[in-house]
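S.K.: Need coordinates for the following:
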Amino acid sequence: MPHASAPRILGFDVPCLKAIVDTVVDAPISALLEGQPDEAWIGALAAEVARAGAALQGARLSVEGGRILFFASADNARELCNQVREVVDRVNLRPAAVTRPAPITAARNDAGDATRRVLVVEDDPVLREVVCDLLEGSRWSAVPAADAAEAVALLEAEPSLCAVFTDIHMPGAMNGEGLLRIVRERWPALGVVATSGHHISPALGLPDGVVLLQKPYQARQLVTLLERACAAP
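M.R.: Numbers count the residues shown, from 1 in each chain. Below you'll find the model as predicted:
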């Protein structure tokens, strides 16, 4: 029987699916777990995925917090969701690989190790802290801002910033779209990545050079796009 302490899948959060998936900018499917697994459980899951079919191995599966993230197209999403549920069930049947889910933590590098600084603009305080933690664990120094007004003040005071990562939909007199236009006008050399959990219409007309990352996203997607944005001429 499965161990009671094993994190089961509670459900799937499925974004708008495409026929062809871009694993850098498209949103992955998120399998929501009832708790955060420990390293032994994650290792056992990786072993099961390695024994699975080619489709699951190509889904770029990752475990981040209490979620399993993976990519699927409109054609194979149902099949991959079923496969992910099956491998989780197999892991939960392996007593040696399962311990009680650990509390949510994020590794942080010493700030002196970071070589690039990014402004993170997010009105949700929990999500803002999570994003800053994952970036600092990837050799970035994150500067948090709760809204667009604070972001502009920090941009004026922090000349060493390399990039801006901002949510588009935020409360206040200025939302993320307005912030993006100001950044492009006043700090055109900065790399800019924007994110949203809503469908973004092409009619929105984001400024040139702004890269859109749809929520939910994997940590590696964000880091890849920030590196590209900073490297762009």
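
S.K.: which secondary element of this protein has the worst mean pLDDT?
M.R.: Lowest on mean pLDDT, DSSP states H and E among the helices and strands of the chain sits helix 54-57, with a mean of 82.

S.K.: Tell me the helices and strands packed up against that one.
M.R.: helix 39-51, helix 77-92 (3 or more Cβ pairs under 8 Å, 6 or more residues apart in numbering; DSSP states H and E). All C-beta spots, glycine's among them, are computed from the backbone N, C-alpha and C.

S.K.: So which bits of that helix are buried?
M.R.: residue 56 (16 or more other Cβ atoms under 10 Å).

S.K.: CA atoms only for that helix, dumped as PDB, please.
M.R.: Extracted C-alpha coordinates of helix 54-57, given in PDB (Å, rounded to 0.1, in the frame of the first residue of the first chain):
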ATOM      1  CA  ALA A  54      10.100   8.700 -24.600                       C
ATOM      2  CA  ALA A  55       7.100  11.000 -24.500                       C
ATOM      3  CA  LEU A  56       7.400  11.600 -20.700                       C
ATOM      4  CA  GLN A  57      11.200  11.800 -20.900                       C
END
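
S.K.: any residues touching it, and which ones?
M.R.: 49-50, 70, 76, 79-80, 83-84, 87 (Cβ atoms under 8 Å, 6 or more residues apart in numbering).

S.K.: Spell out the residue ranges of the strands in the protein.
M.R.: Secondary structure of the chain (DSSP state E): strands at 9-13, 29-33, 62-64, 67-70, 116-121, 140-145, 163-167, 191-196, 210-214.

S.K.: quick one, what contacts residue 45?
M.R.: 37, 63, 68, 87-88, 91.

S.K.: Need the max-distance pair from these.
M.R.: Pairwise distances across those (Cβ to Cβ) peak at 12.7 Å, for the pair 37 and 87.

S.K.: When those two are compared, which one has more neighbours?
M.R.: Using other Cβ atoms under 10 Å as the criterion, residue 37 and residue 87 rank with residue 37 on top: 28 against 21.

S.K.: Can you check the pLDDT for the more buried one?
M.R.: Predicted confidence (pLDDT) for residue 37: 87.

S.K.: same thing with residue 2?
M.R.: At residue 2, pLDDT is 47.

S.K.: Run through the protein and note the low-pLDDT ranges.
M.R.: By pLDDT under 70, the weakly predicted segments of the chain are 1-5, 95-115, 199-205, 232-233.

S.K.: got the contacts of helix 54-57 as a markdown table, with distance to residue 139 columns?
M.R.: Shown next, in a markdown table, are these (distance: Cβ to Cβ, whole Å):
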| residue | distance to residue 139 |
| --- | --- |
| 49 | 27 |
| 50 | 27 |
| 70 | 25 |
| 76 | 34 |
| 79 | 36 |
| 80 | 31 |
| 83 | 33 |
| 84 | 30 |
| 87 | 31 |
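
S.K.: how about stretch 216-230: buried residues?
M.R.: Buried residues in stretch 216-230, defined by neighbour count with 16+ other Cβ under 10 Å: 216-227, 229-230.

S.K.: from these, which is closest to residue 139?
M.R.: For these, the nearest to residue 139 is residue 223 (8.8 Å; Cβ to Cβ).

S.K.: tell me the contacts of the closest one?
M.R.: Residue 223 is in contact with 135, 138, 140, counting by Cβ under 8 Å, 6+ apart.

S.K.: ok, now residue 198?
M.R.: Residue 198 makes contact with 168-169, according to Cβ under 8 Å, 6+ apart.
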